[in-house]
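1. here you go, sequence then predicted model.
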Amino acid sequence: MDARNETSSGLGDLCRCGMDEREGRMSTRPSQPASDKKISLFICLSFCPSEDLVSAISQLVSDFCRIGLRDLDISSRFHMAAHELAENITKYSTTSRVSLEVELSERGGVHMLSVRTRNVASPERLVEVERRLHELKFTKDPVELYDRMIEESAPLEGVSGLGLARIRAEGGLEFDYSINGNELTMVVQAPVPNPIQSKTP
Amino acid sequence: MTELTLQRAVHDKLSIVPLLEAGTLRVQLLGMCDSFAVKPLGAYLDRVAGELVRLGLTCVAIDVTKLTLLNSSSLKQFITFIRPMKLGESPCKVEFVVDDANPWQRRCIAALVRMCPSAVSVRDVNGEGPGQNPTRQLRRVVPDPVPKRQP
């Protein structure tokens, strides 16, 4: 069995759906919510990878956080994360369709905000990226890893390769990924304040 | 040789405004540093480095208070700019001016401070000094929303 055929995801149902069933669709709710998880918002943007769209998409995520959660700090963390993820899928997709989803859910009294991206990448790219993603997911010290990657990238010209490490270290967000065939799914998430409580002045 | 040769620059959603005042070079970034800004920003920082040498200055203030986003590739341009200072090839120091009302700015720049603490500092535009430990702030996690148990 190909080691990259199915990489398990610690975030369970967050990484379950495939690109095919989502392609070209804008949905208001996920197709496979866990039974004990309540989804209060789900946005799926499926689009042709374009640098022109990246800023608009990350701004949408930021605006949602700012208005829906009334929390500038969380808004800025997810703005950065959504931008880095959207840039990644735009840069490395080998097909004309990528997707970015935003989900606000509640389970056991804990409200979670997550951003999930999906794209198809070349096998060569996936081999390289999986090594990095694995290290990023399981590191005990994201800041140390980020600083080390900065040191390593400093003398190199071209792409920074820092975006995902930055999401974990600077954003303080949880990170997970799965690889199914040539499709890469990445998820970042964090607990957020109760959206209802946050509406009180 | 005391006049600034750097000029204001506009690239897509990023504007760069240089100012020489009281012997200090100040470079203000306004707008957004996304993928379209990466190369122009890198080229501009190269010119800033040259201008510091030409004017015999050893300090530059980079004002990011009006910046709404700095992507990792743009951050890399600052890493490249700072690297000669870290290696001791440049005597210059960089002070980043942030607005702590936008907490992402200090969090973002914290990585540059950790990279080269002897040459890079950060201060709030409203006067707060560099006393805050950027590493500590960086490690702060999103607040736990789990409601407290009722007695």
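-> Okay, I see it.

2. contacts only, for residue 61.
-> You didn't pick a chain, so chain A it is. In this structure, residue A:61 makes contact with A:78-79, A:82, A:100, A:102, A:115, judged by CB atoms under 8 Å, 6 or more residues apart in numbering or on different chains. For glycine as for every other residue, the C-beta is placed from the backbone atoms N, C-alpha and C.

3. wait, I meant chain B there
-> For residue B:61, the contact set (CB under 8 Å, 6+ apart) comprises B:24-27, B:94-97.

4. which among those end up buried?
-> The neighbour-count test (16 or more other CB atoms under 10 Å in any protein chain shown) applied to these identifies B:25-27, B:94-97 as buried.

5. centre-most residue in chain B?
-> Centrality entry for chain B: nearest residue to the mean C-alpha point is residue B:96, 4.2 Å, by CA atoms, centre = their mean.

6. so it touches residue B:125, yeah?
-> No - using CB atoms under 8 Å, residue B:96 and residue B:125 do not qualify as a contacting pair, with a distance of 10.3 Å.

7. mind listing the shared neighbours of those two?
-> In the contact map built from CB under 8 Å, 6+ apart, the residues linked to both residue B:96 and residue B:125 are residue B:63.

8. tell me where chain B has strands.
-> With DSSP state E applied, chain B shows strands at B:9-11, B:14-21, B:24-33, B:59-70, B:93-98, B:120-124, listed in chain order.

9. how about TSV for those strands, with mean pLDDT and distance to residue A:38 added?
-> Output for the strands of chain B, formatted as TSV (pLDDT from 0 to 100; distance: least, CB to CB, whole Å):
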stretch	mean pLDDT	distance to residue A:38
strand B:9-11	95	44
strand B:14-21	95	41
strand B:24-33	96	35
strand B:59-70	97	32
strand B:93-98	97	38
strand B:120-124	97	40
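
10. looking at the ones you listed, which is closest to residue A:191?
-> Counting by CB to CB, residue A:191 lies closest to strand B:59-70 out of these; the figure is 23.6 Å.

11. now the angle from that closest one to strand B:14-21?
-> For strand B:59-70 against strand B:14-21, the angle between stretch directions is 160 degrees (axes from the mean of the first three to the mean of the last three CA atoms, to 10 degrees).

12. send me strand B:59-70 as PDB with only the CA atoms.
-> Taking only C-alpha atoms (Å, rounded to 0.1, in the frame of the first residue of the first chain), the coordinates of strand B:59-70 have been written out as PDB:
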ATOM      1  CA  CYS B  59      19.300  52.900  12.300                       C
ATOM      2  CA  VAL B  60      16.100  52.600  10.300                       C
ATOM      3  CA  ALA B  61      12.600  52.600  11.600                       C
ATOM      4  CA  ILE B  62      10.100  50.400   9.700                       C
ATOM      5  CA  ASP B  63       6.600  51.500  10.500                       C
ATOM      6  CA  VAL B  64       4.000  48.800   9.900                       C
ATOM      7  CA  THR B  65       1.200  50.300  11.900                       C
ATOM      8  CA  LYS B  66      -0.900  50.900   8.800                       C
ATOM      9  CA  LEU B  67      -0.200  47.500   7.400                       C
ATOM     10  CA  THR B  68      -3.200  45.000   7.400                       C
ATOM     11  CA  LEU B  69      -1.300  41.900   6.400                       C
ATOM     12  CA  LEU B  70       2.300  40.700   5.900                       C
END
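
13. residues of that strand that come out buried?
-> Buried residues in strand B:59-70, defined by neighbour count with 16+ other CB under 10 Å: B:59-65, B:67-70.

14. ok, residue B:78 to residue B:2 distance?
-> For residue B:78, the distance to residue B:2 under the criterion CB to CB, to the nearest Å works out to 26 Å.

15. wait, I meant residue B:62
-> Counting by CB to CB, the gap between residue B:62 and residue B:2 amounts to 21 Å.

16. looks like residue B:55 contacts residue B:6 (just checking).
-> No - when contacts are counted by CB under 8 Å, residue B:55 is not listed as touching residue B:6 (9.9 Å).

17. any shared contact partners between these two?
-> What both residue B:55 and residue B:6 touch, as defined by CB under 8 Å, 6+ apart, is the set residue B:25.

18. find the residue closest to residue B:47 in space, skipping its chain neighbours.
-> Nearest in space to residue B:47, with sequence neighbours left out and distances taken as CB to CB, 6 or more residues apart in numbering or on different chains, is residue B:6 at 6.0 Å.

19. ah, wrong one, I meant residue B:41
-> Per CB to CB, 6+ apart, closest to residue B:41 is residue B:77, 4.9 Å.

20. among the contacts of residue A:61, which lie within helices?
-> Secondary structure assignment by DSSP state H places A:78-79, A:82 of the contacts of residue A:61 in helices.

21. put together a markdown table for the buried ones among the contacts of residue B:61, with distance to residue A:141 on each row.
-> As requested, these are exported to a markdown table (distance: CB to CB, whole Å):
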| residue | distance to residue A:141 |
| --- | --- |
| B:25 | 36 |
| B:26 | 35 |
| B:27 | 33 |
| B:94 | 26 |
| B:95 | 28 |
| B:96 | 24 |
| B:97 | 29 |
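
22. which pair in those residues spans the largest distance?
-> B:25 and B:96, at 13.4 Å, using CB to CB across the buried ones among the contacts of residue B:61.

23. one step back: burial count for the residue nearest to residue B:41?
-> Residue B:77: 22 surrounding residues under other CB atoms under 10 Å in any protein chain shown.
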